[in-house]
Each structure stands twice: as C-alpha cells, then as structure tokens.
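# Requesting a structural model of the entry that follows:
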Amino acid sequence: NDCYCSEDIIDVDSGGIVGYSATNCTITSCRYYGNINANSAGGILGSNPVNCSVTSCLTVGNLNANRSGGIVGSNDTSGYIYKCTFEGTILGTSCGGIVGYRATNTVIKDCSITGTIGGYGSAGILGSSSNNCNVSVCYSNGDILSNRAGGIVGSGALFCTIDSCYSMGSVGSIDTSYVE
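Coordinates of the predicted model:
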C-alpha cells in the first residue's frame, strides 16, 4: 500500500511496483514514474496470473514492450483494476492503456489514460485476447495507432462487456507506405 518508484526498468515480467505476482495480491495507492523496456511489462504490475486487485494506482512514463499495459501488463485470471490512471506512451504488440494482454474474468472500472498507444492489437484501455471481461466507466484520451485497434478494447475480446466508456483521439492503423 502507498508505494512509490521512479527508476527505469529493463527486465522480463517487469512492473514498476511488482514484476510478477502469483496469487491473491492487493496493490493500493501506488505510483510509478519512469520507463520500462521488457516483455509483459506493466506500470504497476508486470504479470498477474490469479486473483489480484489493483486500486487507485498511477503510472506516468513510457513502456516499450509486448503484452504491456499502463497498469498491468498481463492479467491472466480474475483481476480487479479500479480507479487507476496511465499517462504516457506504450509501444509493442498487445498493448493497452490499463491492461495489455489476456484479461480473463477481469473487471476494469473507473480507469483512464492520457497518451499514445501503438502496436498490433492495441487499445486505449484493454489490449487483446480477453474473455469474460467487464470494462466500465473508463475513458481513453489519446491516439491509438495500431492494426486491430480499439478506442477502448482491441482485438480478440470474447464475451466482454463494455459499459459507459468513451474514447477521444484518433484510432487507426500505422501505415507508412505513403511516407517518403
């Protein structure tokens, strides 16, 4: 609870506060200010496989990683993410402003992002490959530059509910074939 980190990180399963959390964790009122370059990176939590709660957390910085999220990189099962904020840039495959990859039976509520998200299967709130998720009262204020992009949820979302969310900014693919 109430933790803080401002170091740049380069490592697998990296998180600004917790790199890898196995089961039944609670992370509350934590802040990360910095940059992360790694696979499965999250501003607060890198990989979160089972039943973790992340509440009232903030990330300000840049993430350059596959399966990366401003708050949680890879949130496998039964996560709860509430009142969290990301400000910055995320680049990589399966990126999301709040959760990057694979949210199953996960609730994301009252979260927001301001910044740019780019890479295949990316979105403002939840990146890709999710089942039975619930995203509500969230907003994305920034550009989503991706193939299979979404202002709120990206590609591969099955049985997900999106309620009372909005996205501001452009959403579209990165096509530089016309650039000289």
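
# Thought V107 was touching C84, still the case?
No. Taking C-beta atoms under 8 Å as the definition, C84 is not a contact partner of V107, at 11.8 Å. (Each C-beta comes from the backbone N, C-alpha and C, glycine too.)

# Compare these two (neighbour count), which wins?
C84 (29 against 16; other C-beta atoms under 10 Å).

# residue contacts, the more buried one?
By C-beta atoms under 8 Å, 6 or more residues apart in numbering, the residues touching C84 are I44, V54, T55, S56, C57, L58, T59, G70, I71, I98, C111.

# Inside strands: which ones of the residues you listed?
Using DSSP state E, V54, T55, L58, T59 are the members of the contacts of C84 that sit in strands.

# now, the most widely separated pair of these?
T55 and T59 (13.7 Å; C-beta to C-beta).

# So which of those two has more stuff around it?
T59 (33 against 17).

# secondary structure element for N39?
Secondary structure assigned from DSSP states H and E places N39 in neither a helix nor a strand.

# Give the burial count for it, as a bare number.
18.

# quick one: it and L63 touch, right?
No. Between N39 and L63 there is no contact under C-beta under 8 Å: 10.9 Å.

# would you list every one of the helices in the chain?
Remark: helices of the chain are absent; assignment by DSSP state H.

# Low-confidence bits of it, can you list those?
22, 49, 76, 173-180 (pLDDT under 70).

# repeat that with 80
12, 20-23, 48-50, 75-76, 129, 156, 173-180 (pLDDT under 80).

# Correct me if wrong: F159 contacts N132.
Yes. At 5.0 Å, F159 and N132 qualify as touching, with contact defined as C-beta under 8 Å.

# From S94, how far out is I108?
Relative to S94, I108 is positioned 15 Å away (C-beta to C-beta, to the nearest Å).

# ok, those two, which is more surrounded?
Neighbour comparison, I108 and S94: the larger count goes to I108, with 33 against 30 (by other C-beta under 10 Å).
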